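> Provided below for reference: sequence and predicted model.
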Amino acid sequence: MNKYQNLLDRQKAYFNTNITKSFEWRIEQLDKLSNLLKENLDEFYATVSKDFKTAISEQVFEVNAPLGIIEMVKGQLKNWMEPTIAPLPKFLAEAGHTAFVQRDPFGSTLIIGPFNGPILLLLYPAVTALSAGNTVVLKTSVDTPATSALLEKLIPQYFQEEAVAVVSGGVEEVTALLELPFDFIFFTGSARVGKIILRAAAENLTPVILELGGHNPAIVDETADIADAAKKIVWGATSWSGQFCASPGYAYVHESVVEQFVEEAKKAVVELYGNDPKNNPEYSSIINAAHVKRLAGLIDQTKVVAGGESDESARFVAPTILYPITWEDKIMEEEIFGPILPILTFSDLDVAIAKIQKAAKPLATYVFSTNKENTEKLLSTLSFGGGAVNMTNVQLFVASFPFGGVGGSGMGSYVGKYGYDSLTHAKPVLNSPAGAVIDHLYPPYTMEKLQALNGWFDF
Ligand code: NAD
């Protein structure tokens with residue numbers, strides 16, 4: 001028997017008692033999560049940096065963002081839970097019918113998290129699932145053992161397992177979990193594993209959200225503020241050592257300003273991290289030696305204009321800028337997920353757009369321009385998860401935004417009301433007065449009755 005069968009059975013039985021549907025239950029779970037974080041704040045801060053060295057700003061965000069979103073959701077949940085009155089065709093309304101759409105939770109939700117954001121990217125989805133009235137099984141990442149152990153210790157202290165459980169482990173554990181008919185799967189991770197999740201979900205027809213990565217362009221046209229663009233793109237590509245799903249994966253710069261951009265980008269590296277990033281506490285390390293090796297293999301030393309060094313034992317890859325890069329270079333094949341910024345050039349914006357469109361749809365796109373026409377063209381033509389104009393990464397911190405990819409970067413979105421809608425089923429219900437007869441539904445079907453069908457579209 002599957003080792004998680006019993007856990008899922010208990011969560012489903014608990015869900016079927018209807019207890020999770022009430023507003024009070026949902027608020028209680030959100031409060032428990034909030035208390036769990038607040039009462040163990042110092043341990044959380046300390047633990048995040050045990051798994052891999054991260055800048056203090058990132059540690060604070062990891063823990064404080066879930067606290068912030070809990071308060072925001074609690075303030076709005078009552079409204080979200082109200083059934084929506086639906087308009088009806090005139091003849092039904094006049095005959096006393098009413099209609100509403102209520103949002104039903106799916107049931108037991110499996111949440112699988114990545115190594116980056118080991119707290120945030122489990123708890124943000126958990127807040128979403130719980131606010132929508134679902135129970136939760138959290139699967140932590142094997143690559144962050146300290147954080148996983150802390151969650152494994154604390155979750156049972158605050159939650160009964162029927163409501164929120166935590167499971168740790170790697171491929172074997174996820175494979176076993178995926179065999180079971182969860183009611184929803186929320187996966188954050190790579191596109192490679194996303195495909196495995198989607199295939200497994202298909203077996204049980206389980207709905208999914210897939211939050212994947214992507215090779216994200218930062219396009220800089222000839223009208224951009226080049227110093228500003230270079231600093232923001234370098235910051236975006238190197239903060240958390242580029243292990244951010246929305247990090248710019250490459251700068252795509254108009255040829256007339258590229259030399260200036262390269263100089264400003266080199267300057268920005270030093271301004272942000274000094275001359276010794278390896279020993280700078282504000283510069284994050286790479287998750288493990290295998291990823292350092294992978295990243296080092298992507299650095300074409302003949303094209304290094306800044307950085308280029310790596311050290312597996314220190315889990316270090318320097319903030320690195322590569323120029324000139326073309327679409328044929330190995331580094332352009334897939335998401336980098338490290339602190340390396342390749343710089344490509346274009347001379348014609350339409351050609352640049354066509355090149356970007358040939359690749360998988362990215363999770364993020366950044367447009368650096370002061371030209372309205374160029375900006376609008378890029379925003380309306382390119383398909384991407386989310387993005388920003390004259391900024392990088394910051395769209396992720398705006399809690400009123402939906403967050404999610406498209407095509408190769410994922411499916412479905414969450415955060416706030418968007419998440420509430422994604423983690424609930426919209427269930428329409430028609431209330432007909434007892435004894436009301438819609439005569440044209442019943443045979444024999446005369447021409448007159450068939451014409452009455454037009455009334456269904458008359459609101
Ligand atoms: P990953 O895909 O390797 O792992 C994600 C999860 O899947 C982990 O819990 C892991 O244990 C599990 N897993 C790994 N291999 C598996 C397999 N063969 N079968 C079943 N489960 C398996 O991702 P990662 O390296 O932990 O994280 C980095 C990736 O996540 C990047 O691609 C990044 O862009 C993406 N990401 C996306 C978002 C987003 O919100 N869109 C956020 C953070 C990270």
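Nice, I can see it. Numbers count the residues shown, from 1 in each chain.

> Every contact and neighbour count from this point should use C-alpha atoms.
OK.

> Can you show me the strands along the stretch 1-150 of the chain?
84-85, 98-105, 108-112, 135-139 (DSSP state E, counting those that start in this stretch).

> Tell me who's in contact with the nearest residue to Pro145 once chain neighbours are set aside.
Leaving aside its sequence neighbours, Pro145 sits nearest to Asp51 (Cα to Cα, 6 or more residues apart in numbering; 6.7 Å). By Cα atoms under 8 Å, 6 or more residues apart in numbering, Asp51 lies in contact with 143-147, 287.

> about what we covered before: need the strands of the stretch 1-150 of the chain in TSV with distance to Asn279, mean pLDDT and mean neighbour count, can you?
TSV is the format used below for the strands of the stretch 1-150 of the chain (distance: least, Cα to Cα, whole Å; pLDDT from 0 to 100; neighbours: other Cα atoms under 10 Å):
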stretch	distance to Asn279	mean pLDDT	mean neighbour count
strand 84-85	56	97	14
strand 98-105	48	98	19
strand 108-112	33	98	27
strand 135-139	33	98	26
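
> distance between the strand or helix carrying Val253 and the chain's centre?
Per DSSP states H and E: Val253 is located in strand 248-254. Going by Cα atoms, centre = their mean, to the nearest Å, the spacing between the C-alpha centre of strand 248-254 and its chain's C-alpha centre is 22 Å.

> Give the partner strands of that strand in its sheet and their orientations.
Using DSSP bridges, strand 248-254 pairs in its sheet with strand 216-220 (parallel), strand 340-346 (parallel).

> average pLDDT across the shortest one?
What that stands for is strand 216-220. For strand 216-220, mean pLDDT is 98.

> who in the stretch 1-150 of the chain is up against the ligand?
112-116, 140-142 (Cα under 6 Å from any ligand atom).

> Confidence-wise, which helix or strand of the protein is lowest on average?
helix 41-51 (a mean of 88; mean pLDDT, DSSP states H and E).

> Only the buried residues of it, if you could.
Buried residues in helix 41-51, counted by 16 or more other Cα atoms under 10 Å: 44-45, 47-49, 51.

> next one: stretch 172-182
174, 177-178, 180-182.

> And stretch 338-349, by the same measure?
For stretch 338-349, by 16+ other Cα under 10 Å, it's 338-346, 349.

> Tell me the one of those residues nearest Gly96?
Nearest to Gly96 among the buried residues of stretch 338-349 is Leu349, at 58.0 Å by Cα to Cα.

> pLDDT value on that closest one, please?
Reading off the model, Leu349 has pLDDT 98.

> quick one: it from Tyr252, how far?
Distance of Leu349 to Tyr252, computed by Cα to Cα, to the nearest Å: 10 Å.

> Gln11 and the ligand: what is the separation?
21 Å (Cα to the nearest ligand atom, to the nearest Å).

> Now do the contacts for that residue.
108, 135, 161-163.

> who's in contact with Lys90?
Counted by Cα under 8 Å, 6+ apart, Lys90 has contacts 455, 458-459.

> Nearest to Glu334 among these?
Phe459 (49.9 Å).

> Quick check: the gap between the closest residue to the closest one other than its chain neighbours and Glu39.
With sequence-adjacent residues excluded and distances taken as Cα to Cα, 6+ apart, Phe459 is closest to Pro89, at 4.3 Å. Distance, Pro89 to Glu39, by Cα to Cα: 54 Å.

> out of the two, which sits in the more crowded spot?
For Pro89 and Glu39, the more surrounded residue by other Cα atoms under 10 Å is Pro89, and the numbers stand at 14 against 10.

> Can you read off the backbone torsions of the more buried one?
Here is the backbone geometry of Pro89 (degrees, to the nearest 10): phi -50, psi 140.

> ok, it touching Leu453?
No. Counting by Cα atoms under 8 Å, Pro89 does not reach Leu453; the two are 10.8 Å apart.

> Show me what the top helix by length along the chain is packed up against.
If you go by DSSP state H, the chain has its longest helix at helix 56-81. The contact analysis (3 or more Cα pairs under 8 Å, 6 or more residues apart in numbering; DSSP states H and E) places helix 56-81 against helix 23-38, helix 41-51, helix 120-131, helix 416-422.

> Show me the domain layout of this protein.
Using automatic domain parsing, the domain parsing of the chain gives 5-212+410-425, 216-404.

> Adding distance to Ser432, write these out as JSON lines.
Shown next, in JSON lines, are the domains of the chain (distance: least, Cα to Cα, whole Å):
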{"stretch": "domain 5-212+410-425", "distance to Ser432": "5"}
{"stretch": "domain 216-404", "distance to Ser432": "36"}
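
> which parts of the helix or strand hosting Arg192 are buried?
Secondary structure assigned from DSSP H and E places Arg192 in helix 191-204. Neighbour-count burial for helix 191-204, counted by 16+ other Cα under 10 Å, picks out 191, 194, 197-198, 200-201.

> Next: stretch 440-451.
Going through stretch 440-451 with 16+ other Cα under 10 Å, nothing comes out buried.
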